[in-house]
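Student: Just to be clear, the model below is a prediction. Sequence and coordinates:
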Amino acid sequence: MVLDVDVIDRLLAAYQPARGFDSSFLTQALTALIIAGGSSGVHNVMFALGYRDSRREQEVDPSPPVDKAWVAVRVRRENSIGPVHVEITEDPNAPADLPAIAGTCLAARPGLLSLLLRNTNRFPANGGHEVRPGVAYNITISGRDRDDKKLDKSVSEGPVKFTAGAIVDFQASL
């Protein structure tokens, strides 16, 4: 590395001195990504590692207005190429007793790169798309494959409603 800065190597050595870590291309590359992420990148990494928990709540964990909910869609590409469109439409024919979703629990911790870089396969890239609580929505994604064949998929099994203040992430493959 040009400036001989390897924060990851020094962190590993400080927290586990008995293991004797040596600077490597991987630790230098991770250091470069953290530096490129600026103070936000450093905060995100330290928070994810459990070394930092006192941050300004609204900056770090923004929330929707009290009379709205936020929805986000992550797309894992299987056959789609080019742009993938996310469509969120109200469904006036949804059952009246449709339960409302309050939030999402992720199956795993986000990867290091997702803490530092924007995910180009997520709508919206940051935060959430505002929707009205108590209103039923159909959420679909569409795109095209290599043969220019149209691909469509619902991100949930039928219409969905949200509670006020909900933050919900959907994941779908296309």
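Tutor: Perfect, I can see it now. Numbering: from 1, shown residues only.

Student: Strands of the chain, start to end?
Tutor: 69-76, 81-90, 100-103, 122-123, 129-131, 137-144, 150-154, 161-173 (DSSP state E).

Student: do you know which of those lies nearest residue 30?
Tutor: Among these, the nearest to residue 30 by Cβ to Cβ is strand 122-123 (21.9 Å). Any C-beta I mention is one placed from the backbone N, CA and C, and that applies to glycine too.

Student: Contacts for that closest one, please.
Tutor: The list of residues contacting strand 122-123 from outside it, by Cβ atoms under 8 Å, 6 or more residues apart in numbering, reads 72, 73, 74, 75, 86, 129.

Student: Swap in 6 Å and give it another go.
Tutor: 73, 74, 86 (Cβ atoms under 6 Å, 6 or more residues apart in numbering).

Student: want to throw those residues into TSV with pLDDT, neighbour count and distance to residue 104?
Tutor: Listed next are the contacts of strand 122-123 as TSV, based on pLDDT from 0 to 100; neighbours: other Cβ atoms under 10 Å; distance: Cβ to Cβ, whole Å:
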residue	pLDDT	neighbour count	distance to residue 104
73	94	24	11
74	91	15	11
86	95	19	16
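
Student: quick one: which of those is nearest residue 36?
Tutor: residue 74 (22.3 Å).

Student: list the contacts for that closest one?
Tutor: Applying Cβ under 6 Å, 6+ apart, the residues near residue 74 are 122, 171.

Student: That one bridge partners, please.
Tutor: residue 122, residue 171 (DSSP bridges).

Student: hmm, which helix or strand of this protein has the shakiest average pLDDT?
Tutor: Every helix and strand in the chain was compared by mean pLDDT, DSSP states H and E; the lowest is helix 57-60, with a mean of 50.

Student: So the closest residue to residue 34 other than its chain neighbours versus residue 31, what's the distance?
Tutor: Nearest non-adjacent residue to residue 34, counting by Cβ to Cβ, 6 or more residues apart in numbering: residue 41, 5.1 Å away. Separation of residue 41 from residue 31 (Cβ to Cβ, to the nearest Å) stands at 11 Å.

Student: same thing with residue 157?
Tutor: Counting by Cβ to Cβ, the gap from residue 157 to residue 31 is 43 Å.

Student: swap in residue 65?
Tutor: Distance from residue 65 to residue 31, by Cβ to Cβ: 38 Å.

Student: which of those two has more neighbours?
Tutor: residue 31 (20 against 10; other Cβ atoms under 10 Å).

Student: give the contact list for that one.
Tutor: Going by Cβ under 6 Å, 6+ apart, the list of residues near residue 31 reads 6, 7, 8.

Student: burial count for the first one?
Tutor: If I follow you right, that is residue 6. Neighbours of residue 6 using other Cβ under 10 Å come to 21.
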